[in-house]
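Novice: got a sequence here, can you model it:
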Amino acid sequence: MWRRFVSREQTSQIAQRLLAALAAGADPEEIAALFSAGVEFEIAGDVGALPWIGRRTGRGAVSEFIRDTRRMIESVRFNVQDVFTGEDRAVIVGELASRVTATGRMIESAFALVVTVSEGEITRFQMLEDSFAVSRAARA
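Specialist: You can find the predicted model right below:
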């Protein structure tokens, strides 16, 4: 796939804007505006355990992810430890703790968000976390 590369600085700025918008509780559509219309969105794991797990495409997937997580998950901790930035990719590394509201169970996991940027927009988003812990916490 051909991509128009952006600068390391621009990629870093977009990753930081994404983190700032998430931390501020920005509107889902405002967050989705950072993504391309055809963004590839993937959160690996037990498809069916939670509605956002799996592969999806488009800004609508981003908006739905934000809305669904806010409705179904209580964020207890979301600590970003580092952001590694290349020409067109940023990897955000940290730890999270969340409570699934339907089951009351906790998810504690290290995570990595892999964000690919092209022409000033996020074109691919991949979240890696302890998918086994997520599945166990989500299923009653």
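
Novice: drop to CA atoms for contacts and neighbour counts, all remaining ones
Specialist: Fine.

Novice: can you give me the buried ones in the longest helix along the chain?
Specialist: In the chain, with assignment by DSSP state H, the single longest helix is helix 8-24. Neighbour counts over helix 8-24 (16 or more other C-alpha atoms under 10 Å) mark 8, 10, 11, 12, 14, 15, 18, 21 as buried.

Novice: do stretch 72-80 as well
Specialist: Quick answer for stretch 72-80 (16+ other C-alpha under 10 Å): 72, 73, 78.

Novice: show the pLDDT at the residue nearest the centre of the chain.
Specialist: Nearest residue to the geometric centre of the chain (C-alpha atoms, centre = their mean): residue 127, 5.4 Å. For residue 127, the model assigns a pLDDT of 95.

Novice: list the contacts for residue 40?
Specialist: Residues near residue 40 by C-alpha atoms under 8 Å, 6 or more residues apart in numbering: 55, 56, 57, 58, 123, 124, 125.

Novice: that one - that's part of a strand, no?
Specialist: Yes: under DSSP: H, G, I helix; E, B strand; the rest coil, residue 40 falls within a strand.

Novice: so where is this structure shaky, pLDDT-wise?
Specialist: 1-5, 140 (pLDDT under 70).

Novice: run the last query once more with 50
Specialist: Within the chain, the segments meeting pLDDT under 50 span 1-2.

Novice: that one: strands as residue ranges?
Specialist: 35-43, 54-57, 73-85, 89-100, 106-118, 121-128 (DSSP state E).

Novice: can you give the distance of the fifth one from its chain's centre?
Specialist: Centre-to-centre, strand 106-118 and its host chain are 6 Å apart (C-alpha atoms, centre = their mean, to the nearest Å).

Novice: so what are the sheet partners of it and their directions?
Specialist: strand 89-100 (antiparallel), strand 121-128 (antiparallel) (DSSP bridges).

Novice: got the angle for the last one vs helix 8-24?
Specialist: If I follow you right, that is strand 121-128. 60 degrees (axes from the mean of the first three to the mean of the last three C-alpha atoms, to 10 degrees).
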